[in-house]
Each structure stands twice: as structure tokens, then as C-alpha cells.
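Undergrad: Got a sequence here, can you build the structure:
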Amino acid sequence: MKIISNYLFVTMFFSVILFSCSDNKKDESIELKTFSGQNKNQIPDNDQQEELSSGATDESNLKGITAPEIKNHIGEIVTVNDIVTGVHVTEKVAYLNFGNKFPKNDFSGVVFAGKYELFGDLNVFNNKRVEITGNVSIFRNKPQIILNSPDQIKIIK
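TA: Numbers count the residues shown, from 1 in each chain. Take a look at the predicted model:
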């Protein structure tokens with residue numbers, strides 16, 4: 001009996017948390033697709049990204065999407081072709097903002113401090129048109145692409 005009451009308490013607790021965390025916008029369901037048997041919330045390694053970009057059949061992946069379009073691609077691996085409108089580097093994380101300057105940016109490319117040495121000076125991307133490829137996720141209601149490898153970003157002009 002104690003197990004059942006504990007189960008009910010935990011279920012009710014998480015239900016309250018879920019409902020209190022949701023915003024008042026209309027509910028949107030996000031369908032997560034898989035690629036090679038993996039959940040799209042996982043960042044693929046470089047070999048998988050090369051396979052995806054060279055063998056992709058989705059037209060948006062071939063041409064690249066723009067920063068404002070990224071909100072329609074949550075949970076997908078995409079290539080975004082747009083201008084970096086600002087770079088903000090802290091001790092723990094760096095943000096390459098796209099679309100507009102922060103806080104009105106459309107999305108961010110995110111590099112964690114443990115990867116800084118792989119990328120060098122991230123300010124070289126500021127005000128440059130770049131292609132950034134990766135899995136689109138959400139952090140604090142904003143789309144983001146986490147960059148784990150310099151192969152995921154290149155300056156176009």
C-alpha cells in the first residue's frame with residue numbers, strides 16, 4: 001500500500017511541475033525524428049554530420065535555412081546560413097547570436113568552455129555570414145545549436 005501511495009505522490013508531483021512549467025501559449029507537440037537509429041536530441045559525431053550534409057535529401061538541409069526559420073526545425077539537424085550578429089564569451093559558455101542582437105536574437109550557436117581551444121578566437125565570426133550545422137534544441141525558450149567541433153561552423157563571407 002505504501003508503494004502505491006508513493007507512486008501516486010510522485011505522479012502528482014511531476015504533473016504539477018509539468019503544468020506549472022508550461023507557458024500559456026498554445027500547446028505545440030514536437031515530433032523527434034531519428035537518424036541512423038539515434039534520437040535527434042543527440043549531437044552526432046563529425047562523421048555522421050558529414051554523411052547528413054552530403055547525403056541529405058531534405059531541401060532545407062541542402063540550401064541552408066535562415067535564422068528566423070530555425071524555430072520550425074526543433075529536434076532536427078540543419079544547416080543555417082546567416083550572419084552572426086553578436087558574440088558573447090564568458091568563463092563557462094560562449095554565444096554566437098544570429099538574426100538580431102541579444103536579447104532579440106533568433107537563435108544562438110553555443111560553445112562550452114571545454115571546447116574553446118578547438119575554436120580559437122570566436123570573435124572572428126562576429127558580423128560574418130556563416131554556415132552552422134547541428135541539432136536544433138531549445139534553451140530558455142530560444143533555439144540553439146551546440147557546437148562541439150569547428151567542422152560545424154564555417155565563414156562564408
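Undergrad: tell me which residues of the top strand by length along the chain are tucked away?
TA: In the chain, assigned by DSSP state E, the strand with the most residues is strand 77-89. In terms of neighbour count (16 or more other C-beta atoms under 10 Å), strand 77-89 has its buried residues at Ile77, Val78, Thr79, Val80, Asp82, Ile83, Val84, Thr85, Gly86, Val87. Every residue, glycine included, has its C-beta placed from N, CA and C.
Undergrad: With distance to Ile70 and pLDDT added, can I get the residues you listed in JSON lines?
TA: Compiled in JSON lines, those are given as follows (distance: C-beta to C-beta, whole Å; pLDDT from 0 to 100):
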{"residue": "Ile77", "distance to Ile70": "12", "pLDDT": "95"}
{"residue": "Val78", "distance to Ile70": "7", "pLDDT": "95"}
{"residue": "Thr79", "distance to Ile70": "11", "pLDDT": "95"}
{"residue": "Val80", "distance to Ile70": "6", "pLDDT": "95"}
{"residue": "Asp82", "distance to Ile70": "9", "pLDDT": "93"}
{"residue": "Ile83", "distance to Ile70": "14", "pLDDT": "94"}
{"residue": "Val84", "distance to Ile70": "14", "pLDDT": "96"}
{"residue": "Thr85", "distance to Ile70": "14", "pLDDT": "96"}
{"residue": "Gly86", "distance to Ile70": "16", "pLDDT": "96"}
{"residue": "Val87", "distance to Ile70": "18", "pLDDT": "97"}
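Undergrad: Widest-spaced pair of the residues you listed?
TA: Among those, the pair separated by the greatest distance (C-beta to C-beta) is Ile77 and Gly86, at 24.2 Å.
Undergrad: Which neighbouring residues are in contact with the residue nearest to Asn123 when sequence neighbours are not counted, exactly?
TA: In space, and not counting its chain neighbours, Asn123 is closest to Val87: 5.2 Å by C-beta to C-beta, 6 or more residues apart in numbering. By C-beta atoms under 8 Å, 6 or more residues apart in numbering, Val87 lies in contact with Ala94, Tyr95, Leu96, Asn97, Leu122, Asn123, Phe125, Asn126.
Undergrad: Done for today, thanks.
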